[in-house]
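Asker: take this sequence and fold it.
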Amino acid sequence: MRLGNKQLVFFGMAFMLMIFGLTSIGFGQIKNSTDGKVKVKKVEIRSQKDINSESEGNALEYVKMVTSKGDIIIELNREKAPITVKNFLDYVDENSYDSTIFHRVISNFMIQGGGFNADMTKRPTKPEIKNEWGNDLQNLRGTIAMARRGGNIHSASNQFFINVKDNRNLDMKQSDGAGYAVFGKVIEGLDVVDIIKAVKTHRQAGHGDVPVEPVLILDVVRIEKP
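Answerer: Numbering: from 1, shown residues only. Next up, the predicted model:
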């Protein structure tokens, strides 16, 4: 089939727009083969910029946390906690959680990790973020929230914790004026969380509740929705 001049112009323009990512919508003149009339048809042209922006706007994101006790799949709620989710994923994308540990394990409370190496030396951190507590996400069993320093409500950086039971008291305003920001939940691997919460702990390098045998976070990566 031979293309007419108007059709060639349309396809040429569409090709250039796709290359340069200038727009996501193109208009072209298409000749009807039955009546010979020229009609205008809107054609969607998706650039890589559009796709990236769409991904950034997803309400839910997913990561797989590979630990020495098994894998944990976590759903992150960007809609309810956009600052916190972006911060967490920035660490993920830079492989900053790889080879860290769960350094604080309290069997009837939570398991905390993300900030220390196995020898209990600290990992570098990014600037601290705004506390997004009070976002309608509650500190229930299996949820993930940001750890922070008492007395400084906007001091979360790379450390997070997974609640091993309902900790509704963390949703309430603490003595320093804020609660703890939940930003997602475990959707697979809660049995792994339960294995971790049961490990034997001791005091090490000035820290309490440190597992005697390090519980490693080997890798954290983004994944598609399970």
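
Asker: buried sites along stretch 75-90?
Answerer: Neighbour counts over stretch 75-90 (16 or more other C-beta atoms under 10 Å) mark 75-78, 80-85, 87-89 as buried. In short, each C-beta sits where N, CA and C put it, glycine included.

Asker: where does pLDDT dip in the chain?
Answerer: 1-57 (pLDDT under 70).

Asker: give me the domain ranges for the protein.
Answerer: Per automatic domain parsing, the domain ranges recorded for the chain read 5-52, 57-223.

Asker: among those, show me which one is buried the most.
Answerer: Across the domains of the chain, the average number of neighbours (mean count of other C-beta atoms under 10 Å) peaks for domain 57-223, which reaches a mean of 17.

Asker: the buried residues of stretch 75-90 in strands, which ones?
Answerer: 75-77 (DSSP state E).

Asker: looking at this, residue 92 is in a helix?
Answerer: Yes: counting by DSSP: H, G, I helix; E, B strand; the rest coil, residue 92 is located in a helix.

Asker: distance check, it against residue 162.
Answerer: 15 Å (C-beta to C-beta, to the nearest Å).

Asker: list the contacts of residue 124.
Answerer: residue 96 (C-beta atoms under 8 Å, 6 or more residues apart in numbering).

Asker: and it, its phi and psi?
Answerer: Per-residue torsions, residue 124: phi -60, psi 150 (degrees, to the nearest 10).

Asker: ditto for residue 94
Answerer: phi -90, psi 10.

Asker: do you know how far it is from residue 207?
Answerer: 25 Å.

Asker: all strands of the chain, in order?
Answerer: Ranges of strands in the chain, per DSSP E, are 25-31, 38-44, 60-67, 70-77, 100-106, 110-113, 143-146, 160-163, 182-188, 201-204, 207-211, 216-223.

Asker: adding distance to residue 174, write the ones you listed out as CSV.
Answerer: Shown next, in CSV, are these (distance: least, C-beta to C-beta, whole Å):
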stretch, distance to residue 174
strand 25-31, 49
strand 38-44, 49
strand 60-67, 27
strand 70-77, 22
strand 100-106, 17
strand 110-113, 15
strand 143-146, 13
strand 160-163, 15
strand 182-188, 14
strand 201-204, 24
strand 207-211, 20
strand 216-223, 27
